[in-house]
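Asks: need a structure here:
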Amino acid sequence: MVPIAVWILAVVFCLIVVRRIGGVRLPIWGIMTAGAFAALILGTISIQDAFFLINYTVILFLLGMFVFGAALEKSGLLHLASLRGFARAATKKDVLFWFILLMAVFSAFLMNDTVAIIGTTVALFCAAKYKMPVKTMLFALCFAVMFGRCMTPIGNPQNLLVALSGGVPFAFLQFLLYLVVPSVICLYVLYRILLLTPVHTIQDPSSDDSRSRFAGRAGQ
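Replies: Residues are numbered from 1 along each chain as shown. Reported below is the predicted structural model:
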């Protein structure tokens, strides 16, 4: 017999994928909250056990990172750092390369959720300023933060839970040692795949004059 907890988990996952029942759109936080209440009501876990299973170290970490990320967004520092990186770009391909690299690095040290929120405005800015396809930039952001977060124990909450609950010694060193190379390979594959975007939207003019004008816009 399948445990009730497994059914609850399956329903929650299905609703997260569908996100809609009839004409009613379901927010992810609502689905997760409903699943938690279902687990309590159906007795798969007691209120006391649920309370003690909360990892307050992770909660405080998330709070701190979101506050820090909001401060970076409000101050414009993250946006400025991104533009400084794009100043090195001479072509649209360079812009895509630097965008993926910067978002992955930011995600590794600022948490992927923070970068996904803040990076969206940067992606839309790049799409407008450098005449890049919006979908290409948003796909680049989604996958860059996903691969970048794997490299450190603070890349996302799950990494931190593994590092704390698993008793990983020298967690930063261990994550970097085993996960940097696979992450970099995935980022490179992502870059090459995104270059398969239709030729007229991603490839650059071949003339030196066009390249110099593009470099001039990047430096503005």
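Asks: ok, which stretches of the chain are helices?
Replies: For the chain, helices defined by DSSP state H occupy the ranges 4-18, 28-41, 47-53, 56-75, 77-86, 92-110, 112-129, 134-148, 157-165, 171-194, 199-202, 208-218.
Asks: Turn those into CSV, including mean neighbour count and mean pLDDT.
Replies: (C-beta placed from N, C-alpha, C; glycine too.) Formatted as CSV, these follow (neighbours: other Cβ atoms under 10 Å; pLDDT from 0 to 100):
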stretch, mean neighbour count, mean pLDDT
helix 4-18, 13, 90
helix 28-41, 13, 91
helix 47-53, 9, 85
helix 56-75, 13, 80
helix 77-86, 16, 73
helix 92-110, 22, 90
helix 112-129, 19, 84
helix 134-148, 21, 93
helix 157-165, 16, 84
helix 171-194, 15, 92
helix 199-202, 12, 50
helix 208-218, 13, 45
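Asks: what sits against the residue nearest the centre of the chain?
Replies: With distances taken as Cα atoms, centre = their mean, Val145 lies nearest the centre of the chain, 3.2 Å away. Val145 makes contacts with 103-104, 106-107, 112, 115-116, 119, as judged by Cβ atoms under 8 Å, 6 or more residues apart in numbering.
Asks: Those: which two are farthest apart?
Replies: Maximum pairwise distance in the contacts of Val145, criterion Cβ to Cβ, is 11.9 Å, between Ala104 and Ala116.
Asks: where's Asp169 relative to Trp98, distance?
Replies: That one is not Asp; residue 169 is Pro. 35 Å (Cβ to Cβ, to the nearest Å).
Asks: from memory Ile16 sits against Ile28, does it?
Replies: Yes: counting by Cβ atoms under 8 Å, Ile28 is a contact partner of Ile16 at 6.0 Å.
Asks: Tell me how far Ser183 lies from Phe99.
Replies: 16 Å.
Asks: ok now do Met103, which residues does it touch?
Replies: Met103 neighbours (Cβ under 8 Å, 6+ apart): 115, 119, 122, 140-141, 144-145, 148.
Asks: gap between the closest residue to it other than its chain neighbours and Ile31?
Replies: Nearest residue to Met103 in three dimensions, chain neighbours excluded: Ala144, at 4.0 Å (Cβ to Cβ, 6 or more residues apart in numbering). Per Cβ to Cβ, Ala144 is found 26 Å from Ile31.
Asks: tell me the contacts of Ile21?
Replies: Here Ile21 is in contact with Leu15 (criterion: Cβ under 8 Å, 6+ apart).
Asks: Any idea what it is bridged to?
Replies: Legend: beta-bridge partners of Ile21 under DSSP bridges are Val24.
Asks: State the pLDDT value of it.
Replies: For Ile21, the pLDDT comes out at 82.
Asks: Put the alpha carbons of stretch 87-107 into PDB.
Replies: Written as PDB, here are the backbone C-alpha positions of stretch 87-107 (Å, rounded to 0.1, in the frame of the first residue of the first chain):
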ATOM      1  CA  ALA A  87      31.800  46.200 -21.400                       C
ATOM      2  CA  ARG A  88      34.300  43.500 -22.400                       C
ATOM      3  CA  ALA A  89      31.900  42.200 -25.100                       C
ATOM      4  CA  ALA A  90      32.500  43.200 -28.700                       C
ATOM      5  CA  THR A  91      29.800  41.000 -30.300                       C
ATOM      6  CA  LYS A  92      26.400  39.600 -29.400                       C
ATOM      7  CA  LYS A  93      28.000  36.200 -28.800                       C
ATOM      8  CA  ASP A  94      30.300  37.900 -26.300                       C
ATOM      9  CA  VAL A  95      27.300  39.400 -24.500                       C
ATOM     10  CA  LEU A  96      25.700  36.000 -24.200                       C
ATOM     11  CA  PHE A  97      28.900  34.400 -22.900                       C
ATOM     12  CA  TRP A  98      29.500  37.100 -20.300                       C
ATOM     13  CA  PHE A  99      25.800  37.100 -19.200                       C
ATOM     14  CA  ILE A 100      25.900  33.300 -18.600                       C
ATOM     15  CA  LEU A 101      29.200  33.500 -16.800                       C
ATOM     16  CA  LEU A 102      28.200  36.400 -14.500                       C
ATOM     17  CA  MET A 103      24.800  35.000 -13.700                       C
ATOM     18  CA  ALA A 104      26.300  31.600 -12.800                       C
ATOM     19  CA  VAL A 105      29.000  33.200 -10.600                       C
ATOM     20  CA  PHE A 106      26.400  35.400  -8.800                       C
ATOM     21  CA  SER A 107      24.200  32.400  -8.300                       C
END
